[in-house]
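Q: no sequence on this one, just coordinates:
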């Protein structure tokens, strides 16, 4: 935990709320503290993005989006106090598992679709959907995190940002992008969860873009027709034809046959019991409270 | 259940804010290319002729450098702020996000949102202080906007997940 080196934009700390008396007994005392160095934020021209992240996260409230509780700052850093989501990145779990079954994929994807639908109702586009930005909570539900690229956009925007494998063609072509780019990323995510790698990948970013624009998707034989239909719907190169951007908007996704049987209301109320959640959560429980103690009475500002 | 596609998944891209003076280094870890913001050449976007078919390589995110190589030299464009604590709002605007909406694009007329973000109450706890928190560990580090959340020491065995045909009803 030394002074951050070149290129480190910031870090995320696990912090514990200290005052003993004031916290109700069953309230979590652990939080994630995102610490951004002001010099780096400025040098990397992320000032507007950080402001937007704070503005958006401080106002949105959704069961599948990480909560922002407070922000602080001092001479050096900006601090964002966020939900501690103990299960780690979906990316880690996906790489270890190889791929997810259609049922597991359906559960995760459904939560993301609800989160995106909620964000889009504010005209917020998220712009960085990928398994790295999806954290597993203590019940096995996903939480969308890292709103560094989220933006309120009434129509389209032109900044090229995101992650190469997840960029929609219109982003690569500098054609202006909006909500449909998030739905495209949903298709990439669905494919990656079910197949184990994204549909368009290459050694270089240029190679990735080339494949995205060519649009040729290779399908493992065991991916069923309905799943292909859903993913193709998201990965339509013409955004006006893309699932999520048709007449009924996100509701077209909710009624897609691939999601048949999903009780969207119950899901959003977190009433669905995640039957695989024990495998995820139980090994954690004993780890969290005390084993991470790194020293007495260090506050977040002491670390960086 | 065998995947008959390309045999090896190359390193994962990570989020990459590529501004003019920064090239992201993509580590060779099993992550990916990072998220990126690219401020291309300081030109005002949106482009006037948006029908560009392919981004030229020199305009796009660079091919990954060899494993382990660091990002190219960064020339800090600004000296560290040493003024007293400034608020988030008082940080200099740097036009990181140069993507103002183009007013005269006919294709997709701007849509008013279903609800306004400004109508939502800020749920920030203003009574909390930074000193109320003590550090228990590092969950990850951010590099150039992309992050590598390591969850060091927090990783638990998840291999089972693949074999669990979880039901979802």
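A: Yes, it's here. As the structure is a computational prediction, the values presented were derived from the model and not from experiment. Numbers count the residues shown, from 1 in each chain, chains lettered A, B, ... in the order given.

Q: C-alpha only now, for contacts and for neighbours.
A: Fine.

Q: near chain B, anything from the longest helix anywhere in chain A?
A: Identified as the longest helix of chain A according to DSSP state H is helix A:102-121. Yes - residues of helix A:102-121 contacting chain B under C-alpha under 8 Å from any C-alpha of the partner chain: A:103, A:104, A:106, A:107, A:120, A:121.

Q: and of these, the nearest to residue A:234?
A: The shortest approach to residue A:234 among the residues of helix A:102-121 next to chain B belongs to residue A:106, at 14.4 Å (C-alpha to C-alpha).

Q: Quick check: which ranges of chain B have low pLDDT?
A: Along chain B, segments meeting pLDDT under 70 span B:1-11, B:14-34, B:36-110, B:142-169.

Q: for it, longest strand please?
A: strand B:133-143 (DSSP state E).

Q: which other helices and strands contact that one?
A: Secondary-structure packing of strand B:133-143 (3 or more C-alpha pairs under 8 Å, 6 or more residues apart in numbering or on different chains; DSSP states H and E): strand A:8-17, helix A:300-303, strand B:146-148.

Q: coming back round to it: which helices and strands sit right next to the helix or strand just after the longest helix of chain A?
A: Next helix or strand after helix A:102-121 toward the C-terminus (DSSP states H and E): strand A:124-125. Helices and strands touching strand A:124-125, by 3+ C-alpha pairs under 8 Å, 6+ apart, are strand A:151-152, helix A:179-195.

Q: which one of those is the most hemmed in?
A: Scoring those by mean neighbour count under mean count of other C-alpha atoms under 10 Å in any protein chain shown gives helix A:179-195 as the most buried, with a mean of 26.

Q: tell me what that helix is packed against?
A: In this structure, helix A:179-195 makes packing contacts with helix A:102-121, strand A:124-125, helix A:225-234, judged by 3+ C-alpha pairs under 8 Å, 6+ apart.

Q: In terms of secondary structure, what does the longest one contact?
A: Right, helix A:102-121. Taking 3+ C-alpha pairs under 8 Å, 6+ apart as the contact cut, helix A:102-121 packs with strand A:142-144, helix A:179-195, helix A:264-268.

Q: now check the last one, is it near chain B?
A: If I follow you right, that is helix A:264-268. No - Helix A:264-268 does not reach chain B (C-alpha under 8 Å from any C-alpha); its nearest approach is 9.9 Å.

Q: how about that helix: buried residues?
A: A:264, A:267, A:268 (16 or more other C-alpha atoms under 10 Å in any protein chain shown).

Q: burial measure for the residue lying closest to the second one once chain neighbours are set aside, as a count.
A: Yep, that's residue A:267 we're talking about. Excluding the flanking residues, the one nearest residue A:267 by C-alpha to C-alpha, 6 or more residues apart in numbering or on different chains is residue A:111, at 7.3 Å. Residue A:111 has 22 neighbours, counted by other C-alpha atoms under 10 Å in any protein chain shown.

Q: show me the contacts for residue A:111.
A: Residues near residue A:111 by C-alpha atoms under 8 Å, 6 or more residues apart in numbering or on different chains: A:64, A:141, A:142, A:267, A:268.

Q: The second one is in contact with residue A:64, isn't it?
A: Right, the one you point to is residue A:141. Yes - counting by C-alpha atoms under 8 Å, residue A:141 touches residue A:64, with 7.3 Å between them.

Q: just to revisit the earlier point, a markdown table please, covering the buried residues of helix A:264-268 and showing pLDDT.
A: Listed next are the buried residues of helix A:264-268 as a markdown table, based on pLDDT from 0 to 100:
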| residue | pLDDT |
| --- | --- |
| A:264 | 95 |
| A:267 | 94 |
| A:268 | 95 |
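
Q: Closest one to residue A:252 out of the residues you listed, please.
A: Nearest to residue A:252 among the buried residues of helix A:264-268 is residue A:264, at 13.0 Å by C-alpha to C-alpha.
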